[in-house]
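Participant: The sequence and its predicted three-dimensional model are supplied below.
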Amino acid sequence: MADFNTVISYIKTQYKTENFIPLHAPHFGGNEKKYLLETIDSTFVSSVGAYVDQFEGMMQNITQTNKAVAVVNGTAGIQVALRLVGVKAGDEVLTQALTFVATANAIAYLNAIPVFLDVDLDTMGLSPRAVTQFLEEFGDLREDGCYNKKTGKRISACIPMHTFGFPVHLDELVAVCTFWKIPVVEDAAESLGSEYKGQPTGSLGKVGVFSFNGNKIVTCGGGGAIVTNDIFIGEKGKYLTTTAKIPHPYEYVHDEMGYNFRMPNLNAALACAQLEQLNGFLENKRKLANEYQSFFASNGLKFRTEMPETKANYWLMCVELENKSERDLFLQTTNANGVMTRPIWQLMFRLPMYSNCQRDQQLNAEYLEERIVNIPSSVR
Ligand SMILES: *Cc1c(COP(=O)(O)O)cnc(C)c1O
């Protein structure tokens, strides 16, 4: 068994402190204050303003997509993304049980029903093999889409999530979903800056969603972005998240139930200043990941690294413990000694509101649930 005290002192040396080390602290080293002050001086602090437009442009650039829509947070972004690809009340949405609760909540907000399928051991994200197996058993392909033979409900979307910034096997996943006429919405909340075969995550599904919450690689306090290559869907996303208002010189005309999911200009100012530093953050984290990798290799602990043909953003780095009791000991020892560590999430079907959802055997998800622990990953 690895010596956890050596791990603790190594992490303290990396962060050059004897004080508490958080999992992920934001890093404000650029134009944050300047842009925020400009925003206040301009009086455009709220839902319209130059920084919102600039942020959307920057996100289109970074994700190499045709349209980005700034929204109030990532969860709201996923909710709208699902509606944009046609998810309706009573539909089913395929996703992984090993995820942050927001993925499942966003489905439930639309009165749709999550179906939980297994993840791959290597990516920790939705497994194309599990999706294939499920659809071969339960899928009923009709003219207007895919239906679940067991429930009779339409399966109207599939949401893979790029766990901690490690991309899922997107080619295989998109292929199986395309065959079954199921649109893919990427929950890319954790994977800003990650790439799959040279393409940014979030750009390979029909729609992708990012989060700019305080703990993400880039933060704007709170915020999200919907990205897509489909201009029609993108425009519709902007319209739905801005109260579905029809442009008019003075009348308030709304012809659909929209949302006030706009990102305030104040937050967009912070987001722009942060996005300017994204490449630096990515390099800084990659360097830490490399150092962790060689340290843990000589210490008998498995450190997770990116898969071939992908680039991880190393948002939250993690180690894999031998078993649950070793995991618990690691969590106890590190947290008691001022080094913050956290277990991966409990599987969604363990939560009371999602306990009755259909699911497959979750062998890989359960294996990872018992073993994966996040370690401090902040930009230094
Ligand atoms: C952070 C996160 C979200 C939600 O983002 P918010 O901006 O906090 O609403 C959704 N899915 C995953 C996997 C996340 O990690």
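Facilitator: That came through fine.
Participant: Would you mind listing what in the chain touches the ligand?
Facilitator: Applying CB under 6 Å from any ligand atom, we find that the chain lies next to the ligand at 73-75, 99-100, 102-103, 161, 187, 189-190, 211, 213, 224. C-beta here means a position set from N, CA and C on the backbone, and glycine is covered the same way.
Participant: Please pick the buried ones from those.
Facilitator: 73-75, 99-100, 102-103, 161, 187, 189-190, 211, 213, 224 (16 or more other CB atoms under 10 Å).
Participant: among those, which are in strands?
Facilitator: Among these, the residues falling in strands (DSSP state E) are 187, 211, 224.
Participant: wait, doesn't the second one sit right on residue 165?
Facilitator: Which is residue 211. No. Residue 211 is beyond contact range of residue 165, at 11.7 Å (criterion: CB atoms under 8 Å).
Participant: if I look at those two, which residues touch both of them?
Facilitator: residue 190 (CB atoms under 8 Å, 6 or more residues apart in numbering).
Participant: Give me the contacts around the helix or strand hosting residue 274.
Facilitator: Per DSSP states H and E, residue 274 falls inside helix 265-275. The contact list for helix 265-275, computed with CB under 8 Å, 6+ apart, reads 28, 30-32, 34-36, 38-40, 44-52, 54-55, 58-59, 62, 70, 212, 218-223, 263.
Participant: For the ligand, what is the nearest residue in the stretch 1-150 of the chain?
Facilitator: When scored by CB to the nearest ligand atom, the stretch 1-150 of the chain has residue 74 as its residue closest to the ligand, at 2.6 Å.
Participant: can you pull up the bridge partners for whatever residue of the stretch 201-350 of the chain ends up closest to the ligand?
Facilitator: Using CB to the nearest ligand atom, residue 211 is the residue of the stretch 201-350 of the chain that sits closest to the ligand, at 3.3 Å. On the basis of DSSP bridges, residue 211 is bridged to residue 224.
Participant: what residues are up against it?
Facilitator: By CB under 8 Å, 6+ apart, the neighbours of residue 211 are 73-75, 77, 102, 189-190, 223-224.
Participant: again, only using 10 Å
Facilitator: Contacts for residue 211 (CB atoms under 10 Å, 6 or more residues apart in numbering) come out as 71, 73-78, 100, 102, 187-192, 217-220, 222-225.
Participant: Look at the residue nearest to residue 200 when sequence neighbours are not counted and say how many residues are nearby.
Facilitator: Of all residues not flanking residue 200 in the chain, residue 63 sits nearest, at 4.6 Å (CB to CB, 6 or more residues apart in numbering). Residues lying near residue 63 (other CB atoms under 10 Å) number 23.
Participant: isn't residue 63 right next to residue 207, touching?
Facilitator: No. Between residue 63 and residue 207 there is no contact under CB atoms under 10 Å: 11.2 Å.
Participant: Touching both of those two, which residues are there?
Facilitator: 188, 227-229.
Participant: Per-residue pLDDT of the nearest residue in space to residue 34 that is not next to it in sequence, please?
Facilitator: Ranked by CB to CB, 6+ apart and with sequence neighbours excluded, the top spatial neighbour of residue 34 is residue 273, at 7.4 Å. Residue 273 carries a pLDDT value of 98.
Participant: so what secondary structure elements neighbour the helix ranked longest in the chain?
Facilitator: Ranked by number of residues, the top helix in the chain under DSSP state H is helix 278-297. Packed against helix 278-297 by the contact rule (3 or more CB pairs under 10 Å, 6 or more residues apart in numbering; DSSP states H and E) you find helix 4-14, helix 50-63, strand 302-303, strand 317-320, strand 372-375.
Participant: so who does the residue of the stretch 1-150 of the chain closest to the ligand touch?
Facilitator: Applying CB under 10 Å, 6+ apart, the residues contacting residue 74 are 100, 102-103, 106, 187-190, 209-213, 216, 222-226.
Participant: Skipping its backbone neighbours, what lies nearest it in space?
Facilitator: residue 211 (2.8 Å).
Participant: now residue 208
Facilitator: Nearest to residue 208 is residue 202, by CB to CB, 6+ apart, at 2.8 Å.
Participant: so what are the domain limits for the protein?
Facilitator: 4-22+278-348+358-375, 32-276 (automatic domain parsing).
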